[in-house]
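In: sequence? don't have it. structure:
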Ligand SMILES: CC(C)(COP(=O)(O)OP(=O)(O)OC[C@H]1O[C@@H](n2cnc3c(N)ncnc32)[C@H](O)[C@@H]1OP(=O)(O)O)[C@@H](O)C(=O)NCCC(=O)NCCS
């Protein structure tokens, strides 16, 4: 079962453990604290941590979000295995960070988090979701492309010489209403 919880500052050590494992030179505790505490002035943000006991929930199901922990057993000693941070402004949302603990990868947790992030963006009425990824990060690129993100731009030497940033965009598929269905009898 996958449990998702809106992150708060008490989750910072667990998030930093994920960050340092994935990106040794990555975001600082200060940067994550600001992310969690929504310190951006114009950007609405949401950071969600994920914990798993047993199997990861199938990625076509979005697990329930716990906005606060009901009891210590619910959250107190829970090990967080993943995190996603989303931002949203106007019609545009972005995946700012997504990390799954190395020991939990390739079990679908990244997909669960990405689905959550895109669902959240749609709930904000975002019309598109952007993200940026290193062209060397084959696993993340596959995850994004499997989910339907499309490559729209390349920023040459963005991270360092020879390491380009790929810019991806995902557009929610509009739900087709009855009136919009093509008339097949014509
Ligand atoms: C990118 C990242 C978040 C993916 O997380 P993940 O939990 O491994 O993602 P998923 O398990 O949903 O999908 C990854 C692969 O596992 C496969 N998979 C998913 N469920 C599976 C299962 N039950 N059994 C076997 N394989 C499975 C997927 O098909 C996918 O395979 P592919 O890479 O061959 O296409 C993770 O690799 C990570 O944290 N990387 C470091 C941080 C990073 O680079 N983040 C992105 C930039 S911010």
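Out: Perfect, I can see it now. Keep in mind that what you see is a predicted model, and the values were worked out from it rather than measured.
In: Residue numbers of this structure in contact with the ligand?
Out: 22, 97-100, 105-111, 133, 137, 139-140, 142-143, 146 (CB under 6 Å from any ligand atom). Backbone N, C-alpha and C define where each C-beta goes, glycine included.
In: how about a cut-off of 5 Å?
Out: 22, 98-100, 105-111, 137, 139-140, 142-143 (CB under 5 Å from any ligand atom).
In: Quick one: low-confidence residue ranges for the protein.
Out: 39-41, 59-62, 64-78, 174-186 (pLDDT under 70).
In: quick one, strands of it?
Out: 2-6, 44-52, 65-66, 82-89, 92-100, 128-134, 150-160, 163-170 (DSSP state E).
In: Now tabulate those in TSV and tack on distance to residue 13 and mean neighbour count.
Out: Output for the strands of the chain, formatted as TSV (distance: least, CB to CB, whole Å; neighbours: other CB atoms under 10 Å):
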stretch	distance to residue 13	mean neighbour count
strand 2-6	15	20
strand 44-52	11	22
strand 65-66	19	16
strand 82-89	12	23
strand 92-100	14	23
strand 128-134	26	19
strand 150-160	27	12
strand 163-170	29	18
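In: Could you report the neighbour count for residue 147?
Out: 17 (other CB atoms under 10 Å).
In: Test my guess that residue 136 contacts residue 163.
Out: Yes - taking CB atoms under 8 Å as the definition, residue 136 is a contact partner of residue 163 at 5.9 Å.
In: shared neighbours, the two?
Out: Common contacts of residue 136 and residue 163 (CB atoms under 8 Å, 6 or more residues apart in numbering): none found.
In: Report the buried residues of the longest helix belonging to the chain.
Out: Longest among the helix segments of the chain by residue count, using DSSP state H, is helix 109-123. Residues of helix 109-123 classed as buried by neighbour count (16 or more other CB atoms under 10 Å): 109-118, 120-121.
In: swap in stretch 3-18?
Out: 3-5, 7, 11-12, 14-16, 18.
In: Just list the residues touching residue 172, thanks.
Out: Going by CB under 8 Å, 6+ apart, residue 172 touches 118, 121-122, 126-127.
In: Sorry, wrong one. I was asking about residue 35.
Out: Counting by CB under 8 Å, 6+ apart, residue 35 has contacts 27, 45, 47, 85, 96-97.
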